[in-house]
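Colleague: coords below, sequence missing:
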């Protein structure tokens, strides 16, 4: 993520930025507006997926 409105990509996890909601869409449908929290959750999701996924 280089700009505050970019998608967040960590490994195989991609969280798209939703401009209308001003946040990042999580896989379970929740929109996170805090970029630091969204980045942390993306990193946790990537670790849970493991190296083979």
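Modeller: Looks like it came in fine. Everything quoted here is computed from the prediction, not taken from an experiment.
Colleague: ranges for the helices of the chain?
Modeller: For the chain, applying DSSP state H gives helices covering 35-49.
Colleague: beta partners for the residue nearest the centre of it?
Modeller: Central residue of the chain (CA atoms, centre = their mean): residue 15, 3.3 Å from the mean position. Following DSSP bridges, residue 15 is listed with bridge partners residue 8.
Colleague: report the contact partners of it.
Modeller: Neighbour list for residue 15: 7, 8, 9, 24, 25, 26, 32, 38, 41, 42 [criterion: CB atoms under 8 Å, 6 or more residues apart in numbering]. Using the backbone N, CA and C atoms, a C-beta is placed for each residue, glycine as well.
Colleague: just give the closest residue to residue 4, not the sequence neighbours.
Modeller: residue 35 (6.4 Å; CB to CB, 6 or more residues apart in numbering).
Colleague: what about that neighbour, neighbour count?
Modeller: Per other CB atoms under 10 Å, the neighbour tally for residue 35 reads 16.
Colleague: give me the pLDDT value at it.
Modeller: Looking at residue 35, its pLDDT stands at 93.
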